[in-house]
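Trainee: predicted model and sequence follow; I will ask about them next.
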Amino acid sequence: MVNQGNIKLGVDKLSIHYGSEVALEGVSFDIREHEIFGIIGPANAGKTSFLKAINRMDVFNPDMKVGGSITFNGVDVSKVRNVYGLRRRIGVVFPLPVGLPLSVYDNVALAPRLAGQKDKAELNVIVERCLTRAALWDEVKDRLDSLGSMLSGGQQQRLTIARALSQEPELLMLDEFSIAVDPVTTMRIEDVLKELKNEMTIILVTNLVQQARRLADRTAFFLEGKCLDVADTEDLFTGEVSDQRTRDYVEGRFG
Amino acid sequence: MFEATQINRKNLGREKISRFVLGGMTAILILPVILIMSTLIYKGAPVISFDFLFTNPTNGMTQGGIFPALLGTILLVIVALLASVPLGVAAAIYLSEYAPDNWFTRAINLAIINLAGVPSIVHALFGLGAFVIFFRFGTSILAASLTLAIMTLPVVIVATRESLQAVPMAFREACWNMGATRWQTIRRIVLPNAVTGILTGVILEVSRTAGETAPIMFTGAVFFLPFLPQGVFDQTMALSLHLFVVSTQVPEMPEAVPYGVALVLISLVLLMNSVSIALRMYLRGKKKW
């Protein structure tokens, strides 16, 4: 594997099409290790498609065509034959929490089990560690056997974060994670993310411009399938940017 | 303040009418079931006894019991289920979870639905040609059960496919995102949540399999056998055919006997169904979303 310094994810002239519809075009930037990389932009900007391209979810959608390249640890993801191994290194959190129809314990133990972990004691350790890191352990430690879907919305979202962490991912991708979560829980999750940054790279897609400002080291602005700006977050928010539309967006003048 | 406007009154009137019409239709539907069951029990129950269920027919079937037919039907249903459930469930999983959505898959789905509409006598002739003659199974339990299995496959496939598709796509995507293969996702998430629907298909299949007469007449069932089948290559008697025989083919048949046979046949189907219904309710109690 080529050592590319501290670049975790290299995106080069990426384009994504659904049939004849363009979702993303000509996107190029690098995401560095141990940074929180924010992506902001209005609906239909191509943010979610971008995440799908990274962990090769395009194989499940025959209409989705990915051009250009994405490299993960220097390896072109479109040439990875073991896509399952690739996806295991990438944790994903969706906008709406998807509590799988399993107990709280089984939700978190699923990924290790899929990877072949059968040792009960080892699984116990993983489940406790991941739930603790997702700031959920104290609330659910007495009801690990109850259904994940019986938890409140905010708890379920932290459960999905715990589930993503149980993969021990190198890259964590959050897609508008706070959409169904109350502000207090959102803050707790944000604190968790700041700590997780020490161990992994995080891509944070968000509709909340201020959330990107609070968390992201660098931020990209997507609009209508194009990446208009990539800059250090503070520069993006203080006007040190090239594009007028980016400035308008972060100041709330549209979108 | 809350006086009904003209539109309110109209809607309230329609509400009453629709409730009455829909409820009436349901009542009309239940009526035949009650009539059939009560007639069968009234006329058939007197002949039901331990001897009736567990001895061979004697005196040209006018006396004695129906044990060979009862056993034959149970065997036919079991062998047919063993053949059609694994085949049907596997095919449904492929069609629902793996097959790409193109004209070929759609053609297969259409063909399966059409197979359900093929008259059972056509299945009988197919079974005769394919299993009895071509595969040289002879007229046997195996040939008859396989014919029944082919006939009921669409039921299993359609029920299974629909219950698989009722499992939300988001569950699959969450699982795939964790690095699960399609099969791991099916095995751990999709199938456990589709089992109740699959069992519904099996229930329907049991009822049809036990009741069908035409497909087994040419392929394995006989009017009368003086001995019990020893294996799947033997011929057998069956309740459905026996009912036809005692109702129409035997002179001086006591009137209660056909009713008794029909009652046993219906009870057998209800018994098999209630086992799967109980299983279904148990599993639904554990349903996860």
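Mentor: It's in. Numbering: from 1, shown residues only, chains lettered A, B, ... in the order given.

Trainee: from the recorded domain assignment, give the ranges for the chain.
Mentor: Went with chain A since none was named. Structural domains assigned to chain A are A:1-89+A:171-255, A:100-168, following automatic domain parsing.

Trainee: the intended chain is chain B.
Mentor: Using automatic domain parsing, the domain parsing of chain B gives B:6-47, B:50-285.

Trainee: check contacts around the residue of the stretch 51-200 of chain B found nearest chain A.
Mentor: At 3.5 Å from chain A, residue B:179 is the closest residue in the stretch 51-200 of chain B, using C-beta to the nearest C-beta. Where you see a C-beta, it was placed from the backbone N, CA and C, and this is true even at glycine. With contact taken as C-beta atoms under 8 Å, 6 or more residues apart in numbering or on different chains, residue B:179 is in contact with A:84, A:85, A:86, A:87, A:88, A:111, A:114, A:115, A:167.

Trainee: same deal with residue A:196?
Mentor: By C-beta under 8 Å, 6+ apart, the residues touching residue A:196 are A:133, A:165, A:172, A:202.

Trainee: need the residues of chain A near chain B, please.
Mentor: Neighbours of chain B within chain A, by C-beta under 8 Å from any C-beta of the partner chain: A:55, A:57, A:60, A:62, A:84-88, A:90-92, A:94, A:96, A:98-102, A:110-111, A:113-115, A:147, A:149, A:160, A:163-164, A:167.

Trainee: can I get the buried part of those residues as one PyMOL selection?
Mentor: Of those, the buried ones go into a single PyMOL selection, burial set by 16 or more other C-beta atoms under 10 Å in any protein chain shown:
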select buried, chain A and resi 55+57+84+86+87+88+90+91+92+94+96+98+99+100+101+102+110+111+113+114+115+147+149+160+163+164+167
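
Trainee: what are the ranges of the helices in chain B?
Mentor: Using DSSP state H, the helices of chain B run over residues B:6-44, B:50-54, B:67-93, B:103-116, B:120-127, B:141-165, B:169-177, B:182-185, B:191-211, B:214-217, B:239-248, B:256-285.

Trainee: and of those, who's closest to residue A:42?
Mentor: For the helices of chain B, proximity to residue A:42 was assessed by C-beta to C-beta; helix B:169-177 is nearest, at 23.2 Å.

Trainee: before we move on, the earlier item: now distance to residue B:115 and mean pLDDT too, for the domains of chain A, in CSV please.
Mentor: Output for the domains of chain A, formatted as CSV (distance: least, C-beta to C-beta, whole Å; pLDDT from 0 to 100):
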stretch, distance to residue B:115, mean pLDDT
domain A:1-89+A:171-255, 28, 87
domain A:100-168, 32, 90
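
Trainee: buried deepest among those domains, which one?
Mentor: For those, the largest average neighbour count (mean count of other C-beta atoms under 10 Å in any protein chain shown) is found in domain A:100-168, namely a mean of 19.

Trainee: show the end-to-end separation of it, please.
Mentor: 19 Å (C-alpha to C-alpha, to the nearest Å).

Trainee: starting at the chain centroid, how far to it?
Mentor: Here domain A:100-168 is found 18 Å from its chain centre; the criterion is C-alpha atoms, centre = their mean, to the nearest Å.

Trainee: does whichever residue of chain A sits closest to chain B sit in a helix, a strand or a coil?
Mentor: Closest contact between chain A and chain B, by C-beta to the nearest C-beta, is at residue A:101 (2.9 Å). Look at residue A:101: counting by DSSP: H, G, I helix; E, B strand; the rest coil, its state is coil.

Trainee: that one against residue B:193, yeah?
Mentor: Yes - applying C-beta atoms under 8 Å, one finds residue A:101 in contact with residue B:193, separated by 5.7 Å.

Trainee: quick check, pLDDT for the residue nearest the centre of chain B.
Mentor: When C-alpha atoms, centre = their mean is applied to chain B, the residue found nearest the centroid is residue B:205 (2.1 Å). pLDDT for residue B:205: 86.

Trainee: how near is it to residue B:96?
Mentor: Per C-beta to C-beta, to the nearest Å, residue B:205 is found 18 Å from residue B:96.

Trainee: with residue A:243 instead?
Mentor: In this view, residue A:243 and residue B:96 are 46 Å apart by C-beta to C-beta.

Trainee: swap in residue A:99?
Mentor: 23 Å.

Trainee: check residue A:121 too.
Mentor: From residue A:121 to residue B:96 the distance is 37 Å (C-beta to C-beta).

Trainee: distance check, residue A:108 against residue A:145.
Mentor: 12 Å.

Trainee: got a list of what residue B:188 touches?
Mentor: Here residue B:188 is in contact with A:110, A:113, A:114, B:175, B:180 (criterion: C-beta under 8 Å, 6+ apart).

Trainee: for the second one, which non-adjacent residue is spatially closest?
Mentor: Distances taken as C-beta to C-beta, 6 or more residues apart in numbering or on different chains put residue A:123 closest to residue A:113, at 7.3 Å, once the chain neighbours are dropped.

Trainee: and the one you found, what element?
Mentor: Assigning secondary structure by DSSP states H and E places residue A:123 in helix A:120-133.

Trainee: helices or strands up against that helix?
Mentor: Packed against helix A:120-133, as judged by 3 or more C-beta pairs under 8 Å, 6 or more residues apart in numbering or on different chains; DSSP states H and E, are the following elements: helix A:104-114, helix A:137-140, helix A:153-165, helix A:183-196.

Trainee: got those helices as JSON lines, with distance to residue A:72 columns?
Mentor: As requested, the helices and strands packed on helix A:120-133 are exported to JSON lines (distance: least, C-beta to C-beta, whole Å):
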{"stretch": "helix A:104-114", "distance to residue A:72": "18"}
{"stretch": "helix A:137-140", "distance to residue A:72": "30"}
{"stretch": "helix A:153-165", "distance to residue A:72": "16"}
{"stretch": "helix A:183-196", "distance to residue A:72": "18"}
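
Trainee: close to chain A: what parts of the stretch 1-150 of chain B are there?
Mentor: So the stretch 1-150 of chain B meets chain A at B:100, B:101 (C-beta under 8 Å from any C-beta).

Trainee: make it 7 Å
Mentor: When proximity is defined as C-beta under 7 Å from any C-beta of the partner chain, the stretch 1-150 of chain B approaches chain A at residue B:100.

Trainee: doesn't residue A:254 fall inside a strand?
Mentor: No - counting by three-state DSSP, residue A:254 is not found in a strand; it is coil.

Trainee: who touches it in this structure?
Mentor: Listed by C-beta atoms under 7 Å, 6 or more residues apart in numbering or on different chains, the contact set of residue A:254 reads residue A:248.

Trainee: how much space separates it from residue A:48?
Mentor: 20 Å.

Trainee: what does residue B:10 give?
Mentor: Residue B:10 sits at a distance of 47 Å from residue A:48 (criterion: C-beta to C-beta).

Trainee: let me know whether residue A:77 touches residue A:86 as I believe.
Mentor: Yes - using C-beta atoms under 7 Å, residue A:77 makes contact with residue A:86 at a distance of 6.2 Å.

Trainee: intersection of neighbour lists for these two?
Mentor: Common neighbours of residue A:77 and residue A:86 (C-beta under 7 Å, 6+ apart) are residue A:56.

Trainee: before we move on, the earlier item: now the residue of the stretch 51-200 of chain B closest to chain A: closest residue in space that isn't a chain neighbour?
Mentor: Leaving aside its sequence neighbours, residue B:179 sits nearest to residue A:88 (C-beta to C-beta, 6+ apart; 3.5 Å).
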